[in-house]
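Student: Quick one, structure for this:
(one chain, ligands or ions: 1)
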Amino acid sequence: MKPKIVVFTGAGISAESGIKTFRDSDGLWEEYHIMEVATPQGWEKNRELVLDFYNKRRKQVLETKPNKGHLALVKLEKKYDVHIITQNIDDLHERAGSKKVLHLHGEIFKSRSTTNPSLIYPIKGAELNLGDKCERGSQLRPHIVWFGEQVPEMEKAYDIAAQADIFMVIGTSMVVYPAAGLIDYVKPNIPKYLIDPSDVKIGGVSNLTVIKEKAGVGLPMLLELLMNS
Ligand code: OAD
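Tutor: Here you go, the predicted model:
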């Protein structure tokens, strides 16, 4: 059986593809108010604004492609059982070719019913608009986990993290919970790697190697190391 690598990714892994992160300078949360576009309250206040925000994000994702970081994770699958747990709503891991990807915060190319959360649909093209309805006639919303909402995939993610033989954290500020708490479920003795050009605060983590690089540089380096170890 191949050793299991669990990779926890955030906005930083898609930054070199041209997708803005949230909290870096010039990040999305400098341009938009979280409360207006990424909460159930924002949705109730102004659905058009929320739909427009995600339509813009979707258009942007359509114009991008996976970068060296995403591609390095695909190459790791030759030797390892690679599970990606991502906070990202883009589809760049899938387009790069990664086989096992779990999205904690939803997916930009899916919509779901506002009255029945189990009714989930692919979004063809870039737009989801007012008047787009589920099969039962309710308005569709972006299939995104907003602040203040449950993270339905969290339990599954904890189980996957607990089985890791190697754990990686790539391009996340580790400030949004419960996602950032995933690392607490990882076995303490296994090797852990953190790749991020900034100083990310994750205290109390044993056996941690920090690679202070962008994902497009740090991941190919780590790939080399792990394929030859
Ligand atoms: P953040 O914007 O909070 O953090 C991005 C991280 O990526 C920072 O630590 C940067 O230093 C790092 N970074 C920037 N460029 C990089 C590069 N080229 N390579 C590697 N790392 C790089 O984004 P997240 O931690 O993903 O949630 O944010 C978590 C959640 O907050 C998101 O999923 C989103 C957001 O609000 C929702 O919308 C629910």
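
Student: and the worst-scoring helix or strand of the chain on mean pLDDT, C-alpha only, in CSV?
Tutor: Confidence across the helices and strands of the chain bottoms out at helix 28-31, with a mean of 89, counting by mean pLDDT, DSSP states H and E. Extracted C-alpha coordinates of helix 28-31, given in CSV (Å, rounded to 0.1, in the frame of the first residue of the first chain):
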residue,chain,number,x,y,z
LEU,A,28,-10.1,40.0,-1.8
TRP,A,29,-11.2,41.0,1.7
GLU,A,30,-9.6,44.5,1.2
GLU,A,31,-11.9,45.0,-1.8
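
Student: Are it and the ligand in contact anywhere?
Tutor: No - for helix 28-31, no contact with the ligand is found by Cβ under 6 Å from any ligand atom; the gap never falls below 6.6 Å. No exception for glycine: its C-beta is placed from N, CA and C like everyone else's.

Student: Can you give me the buried ones in that helix?
Tutor: When burial is assessed from 16 or more other Cβ atoms under 10 Å, helix 28-31 yields the following buried residues: L28.

Student: what do you get for stretch 161-179?
Tutor: Of the residues in stretch 161-179, those scored as buried under the neighbour-count criterion (16+ other Cβ under 10 Å) are 161, 164, 166-174, 176, 179.

Student: count of residues packed around E48?
Tutor: Applying other Cβ atoms under 10 Å, we find 9 residues neighbouring E48.

Student: Check the one 3 residues further on too.
Tutor: When neighbours are defined as other Cβ under 10 Å, L51 has 22 of them.

Student: Next SSE downstream of the least confident helix or strand of the chain?
Tutor: Counting by DSSP states H and E, the element after helix 28-31 in chain order, helix or strand, is helix 34-37.

Student: quick one: the helices in this protein?
Tutor: Counting by DSSP state H, one finds helices in the chain at the ranges 12-15, 28-31, 34-37, 40-45, 47-62, 68-75, 92-96, 154-162, 215-227.
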